[in-house]
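# for reference, the sequence and a predicted model appear below.
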Amino acid sequence: MRNNSTSLRARAASTAAVLLVAMGASAVAVPNASAYTDSNKVHNCWGRYYNTDFDQICGSGGARATGNYKTTAPCDFEGDNSLTVYRNRGNGTSYDGPDCTFDVETGQTYYF
């Protein structure tokens with residue numbers, strides 16, 4: 001009897017280990033809900049596009065030139081959205097663009 005209970009415990013431990021590894025692998029395979037794409041960069045600023053939202057952001061050190069930065073966001077099944085921000089050199093603030101109802105495609109960022 002003692003042999004059987006030791007064998008059962010070993011089998012249970014082995015099964016538990018396999019399940020933990022499988023659960024960990026499946027957690028890694030889940031797609032990231034906050035995935036994004038970026039537009040072109042202009043003077044260190046660009047558009048960042050999510051599912052139905054977009055932001056205008058700048059990298060470390062902020063905008064490299066003073067002026068207007070316009071980021072466009074083509075929306076599916078509706079008109080396009082855009083966001084124009086006047087930035088001073090060094091402005092690194094992130095600005096939230098208007099949301100699209102369905103889906104937003106990657107647009108462009110312009111400087112003028």
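Arrived safely.

# just confirm residue 96 contacts residue 53, I think it does.
Yes - between residue 96 and residue 53 there is a contact under C-beta atoms under 8 Å: 7.2 Å. C-betas here are computed from N, CA, C, even on glycine.

# neighbour count: these two, which is higher?
residue 53 (16 against 10; other C-beta atoms under 10 Å).

# who's in contact with the nearest residue to residue 103 once chain neighbours are set aside?
Spatial nearest neighbour of residue 103, chain neighbours left out: residue 76 (4.2 Å); criterion: C-beta to C-beta, 6 or more residues apart in numbering. Contact analysis of residue 76 by C-beta atoms under 8 Å, 6 or more residues apart in numbering lists 100, 102-105.

# and for residue 101?
52, 75, 77-78 are the contacts of residue 101 under C-beta under 8 Å, 6+ apart.

# what of residue 96?
Neighbours of residue 96 in contact, by C-beta under 8 Å, 6+ apart: 53, 55.

# who's it bridged to?
Residue 96 forms beta bridges with residue 55, as assigned by DSSP bridges.

# gap between it and residue 65?
22 Å (C-beta to C-beta, to the nearest Å).

# fine, thanks again, bye for now.
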